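Undergrad: What shape does this take:
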Amino acid sequence: MDHVTTVECTLCGEQYDPSEVVYTCSNHAGVKGILEVQYDYDIIDERFNEPLDGRINTQWKYQAFLPVSEETDPITLGEGGTDLLKANRLGAELGVEIRVKDDGRNPTGVLKDRATSVSVTKAREFDRDIVTCASTGNAAASLAGFAARAGLECRIFVPGDAPGGKLAQPLVYGADVLGVEGTYDEAYDLSMEVTERFGWYNRNAAINPFQVEGKRTVGHELAEQCRNDIPDWVVFSMGDGCTIYGGWKGFHEFDELGYVDKTPKMLGVQAKGASAIHDMFHEHEDVNDVANTIADSIAVGRPRNTLKACKTLERSGGTSVLVSDEEILRAEALLGRTEGIYAEPAGAAPVAGVRKARDQGIIEEGESVVVVVTGNGLKDSDSAMQAGGKVEYIAPDIGDVTDRYRTNAESR
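TA: Next up is the predicted model:
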């Protein structure tokens, strides 16, 4: 891995050997000393010889950028290479030119597969045979699927209120799913404790420095797919803060290397009930450290990557907005009704964020926007039923159908 120079603390600059398993900087208590992988971009630029023609089969097209050995065979299920779809009807509703990057099409239905593929590949490189993480559901499913692919044991910690539909996936993949009678943050703390005690390899995106490196491939793909039409804004929902940072880092790398000629502003969207990153970025006196939102994938009360997320918003010239659960559900229905894209609440939150940013004058009429859908709607069918409305039951009689649609039929 001569293209990986070091792993560096984002707070004090302490450097660590990337060939060793290190999660956070030992100079700081808890998980405050988040680490960042540093690269030799001259080596990467020399090795990366793929055509930037928009044809992307998997994220491993960008293996030259990823922190794995050239000789390593990645653990992959075909993640990445998701479509960027024009969304004219949605754009007409929102008053912007909009495209949708649908990462709900990844193998386990979530953008997190990009990160998991890298971390499970690293677990193999580190010769670890048990992987673990804390999750509200999506990371659990993702890690379990890739662990099964790699032949590794998988042990997951989830909060007691995690959606049942999301827990079915890791169970089918053969993982041990341990429901913690508490919050996500309590499940997270427990996963860290067992990691330290038993030496299991931890996928937690907030502290595993290689996780966000996989997520940045969504930025590489967007840069390639938008190479001739860079959007004014790219919009992500924010939970721990890793995803928006990864997307920005990937896009920024392509700009620095001259593969694209500019970068977009980043808009981060949080739920009102889980607003810690937004509060910190806007320097609110009271930072909300409690998570209470229907969008469970971003229901994080104590984000561990707040610093990286805030740096992303600042350096890109972007900002953040808050949306209510009701606005998220309306956005989920709007995205489905206008474009046929089925997103879970956290995946629909960026659409709600665009509407809020339009109302606040942050995004101007006619500006170009890309929203990133991070998870498929099948992850949370209960919320989808709230968003979509109720089933209307009728008798098995043509008369009921005629009565139901008579007005429409007569008007044609």
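
Undergrad: What are the buried residues along stretch 28-46?
TA: Val31, Gly33, Ile34, Leu35, Glu36, Val37, Tyr39, Ile44, Asp45 (16 or more other CB atoms under 10 Å). In short, each C-beta sits where N, CA and C put it, glycine included.

Undergrad: What is the distance between it and the centre of its chain?
TA: 19 Å (CA atoms, centre = their mean, to the nearest Å).

Undergrad: any idea of the mean pLDDT for it?
TA: Averaging pLDDT along stretch 28-46 yields 93.

Undergrad: Please save the CA atoms from that stretch in PDB.
TA: Taking C-alpha atoms only, stretch 28-46 is exported to PDB below (Å, rounded to 0.1, in the frame of the first residue of the first chain):
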ATOM      1  CA  HIS A  28      -7.700  11.800  23.200                       C
ATOM      2  CA  ALA A  29     -10.300  10.300  25.500                       C
ATOM      3  CA  GLY A  30     -13.200   8.300  24.000                       C
ATOM      4  CA  VAL A  31     -13.600   8.500  20.200                       C
ATOM      5  CA  LYS A  32     -12.700  12.200  19.800                       C
ATOM      6  CA  GLY A  33      -9.400  11.500  18.000                       C
ATOM      7  CA  ILE A  34     -10.900  10.500  14.600                       C
ATOM      8  CA  LEU A  35      -8.300   9.300  12.100                       C
ATOM      9  CA  GLU A  36      -8.000  10.200   8.500                       C
ATOM     10  CA  VAL A  37      -6.200   8.100   5.800                       C
ATOM     11  CA  GLN A  38      -3.600  10.100   3.900                       C
ATOM     12  CA  TYR A  39      -2.500   9.300   0.300                       C
ATOM     13  CA  ASP A  40       0.300   9.900  -2.100                       C
ATOM     14  CA  TYR A  41      -1.800  11.200  -5.000                       C
ATOM     15  CA  ASP A  42       1.100  11.100  -7.500                       C
ATOM     16  CA  ILE A  43       1.200   7.300  -7.100                       C
ATOM     17  CA  ILE A  44      -2.600   7.100  -7.400                       C
ATOM     18  CA  ASP A  45      -2.700   9.300 -10.500                       C
ATOM     19  CA  GLU A  46       0.000   7.200 -12.100                       C
END
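
Undergrad: still on that earlier bit, just curious, which of the buried residues of stretch 28-46 is nearest to Thr374?
TA: Nearest to Thr374 among the buried residues of stretch 28-46 is Ile34, at 20.6 Å by CB to CB.

Undergrad: Which pLDDT value goes with Asn408?
TA: What the model reports for Asn408 is a pLDDT of 58.

Undergrad: nope, Val401 is what I meant
TA: Value for Val401, per-residue pLDDT: 90.

Undergrad: how about stretch 340-349 as CSV, C-alpha atoms only?
TA: The C-alpha coordinates for stretch 340-349 follow below in CSV (Å, rounded to 0.1, in the frame of the first residue of the first chain):
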residue,chain,number,x,y,z
GLY,A,340,-40.7,5.9,-9.4
ILE,A,341,-37.8,5.9,-6.9
TYR,A,342,-38.5,4.1,-3.6
ALA,A,343,-36.5,5.5,-0.7
GLU,A,344,-36.4,4.9,3.0
PRO,A,345,-36.9,8.1,5.1
ALA,A,346,-33.2,8.9,5.4
GLY,A,347,-32.9,8.4,1.7
ALA,A,348,-35.8,10.8,1.0
ALA,A,349,-34.6,13.4,3.5
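
Undergrad: related to what we said a few turns ago, narrow the buried residues of stretch 28-46 to those in strands?
TA: Members of those lying in strands (criterion: DSSP state E): Leu35, Glu36, Val37, Tyr39.
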